[in-house]
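Chemist: Coordinates only, no sequence provided:
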């Protein structure tokens, strides 16, 4: 898809956890013709972030409506949303879903065709109180790093579901924070980050707002660290999603693992089901500080699956 480029934004976060009320789709001035922007964030003008606001809003509302009837997403029914661009060159936006003043999920949306400002595709989504690029999670991390009262700049970096982070610069020092957990990542040089992510392909989908979920499967949650087949076991091999689908429908436990940043970080997540949409795009449901739905086409070549005994 599109490579993420560096884009420094200034985030003015208030000195309490009570962040500003999220902007709902109805609150966005249509004349602005831009993707919605949280009130606490100042984003410099950028032609690459300009979208047709009505069609963007309609796409967001349609996907929210589709997902709100799915298990784990019922809080989306009466939810509001806010969002901001993931930076010039990405043609992407993060949309944060809020209900009763708390985070309940997120969506990552990209332009399906950069030349067509009225067409968007859903790249990933998830539910839970720790969504991707949550400003509340970022705030807590800045407090822990004792940066909240200092001068700093923050930028989101999104290349694909496995490479999503905040880059914070303060006093000449860079901090790299995981976009979900807010934890510091073991990266000490920006060029190292660039070298690692330059070869990481973005999650490419064809999922448009008119598509619906035609099949789903949920399996009970489990602790992938209780048994550790992904340490010494043999990875499972699937020739197609249909083969994997059959195994999940039999309630088989599968653990997904991937090594990032030259094997400095290993992601380990339980597979807790799947969504298959009407365009045949399949998303695996991972448990990672909440639920994340990530395209199977991306995960299948970015990591490994291991079978776990019941």
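Modeler: Now that the structure is in, tell me what you want to look at. Bear in mind that the values here come from a model prediction, so they are computed numbers and not experimental data.
Chemist: Help me confirm that residue 151 comes into contact with residue 169.
Modeler: No - using Cβ atoms under 8 Å as the test, residue 151 is too far from residue 169 to be in contact (9.7 Å). For the C-beta atoms, the positions are set from N, CA and C on the backbone; glycine is no exception.
Chemist: Between these two, which is the more surrounded one?
Modeler: Legend: neighbour count by other Cβ atoms under 10 Å for residue 151 and residue 169, higher for residue 169 (16 against 9).
Chemist: does that one belong to a helix or a strand, and which?
Modeler: According to DSSP states H and E, residue 169 maps onto strand 163-170.
Chemist: Domain-wise, how is the protein divided?
Modeler: 1-211, 213-308 (automatic domain parsing).
Chemist: Mean pLDDT added to those domains, as a markdown table?
Modeler: What follows is the domains of the chain, written out as a markdown table (pLDDT from 0 to 100):
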| stretch | mean pLDDT |
| --- | --- |
| domain 1-211 | 73 |
| domain 213-308 | 91 |
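Chemist: and residue 299, which of the three is it?
Modeler: Under DSSP: H, G, I helix; E, B strand; the rest coil, the three-state class of residue 299 is helix.
Chemist: returning to what we had before: residues contacting the helix or strand just after the strand holding residue 169, please?
Modeler: Counting by DSSP H and E, the next helix or strand C-terminal to strand 163-170 is strand 173-178. Residues from elsewhere that reach strand 173-178 (Cβ atoms under 8 Å, 6 or more residues apart in numbering): 138, 141, 145, 147, 164-169, 183-185, 187, 190, 193.
Chemist: which of those sit farthest apart?
Modeler: Farthest apart among the contacts of strand 173-178 by Cβ to Cβ are 147 and 164. That separation is 20.2 Å.
Chemist: Counting by contacts, list what the helix or strand containing residue 255 packs against.
Modeler: Per DSSP H and E: residue 255 is located in strand 253-260. Contact analysis of strand 253-260 by 3 or more Cβ pairs under 8 Å, 6 or more residues apart in numbering; DSSP states H and E lists helix 229-232, helix 241-249, strand 265-277, helix 296-302, strand 304-308 as its packing neighbours.
Chemist: who touches that strand?
Modeler: 162-163, 196, 219, 222, 224, 229-230, 236, 244, 247-248, 265-271, 284, 286, 299, 302-310.
Chemist: related to what we said a few turns ago, pick the one among the contacts of strand 173-178 closest to residue 110.
Modeler: Among those, residue 164 lies closest to residue 110 (Cβ to Cβ), at 13.3 Å.
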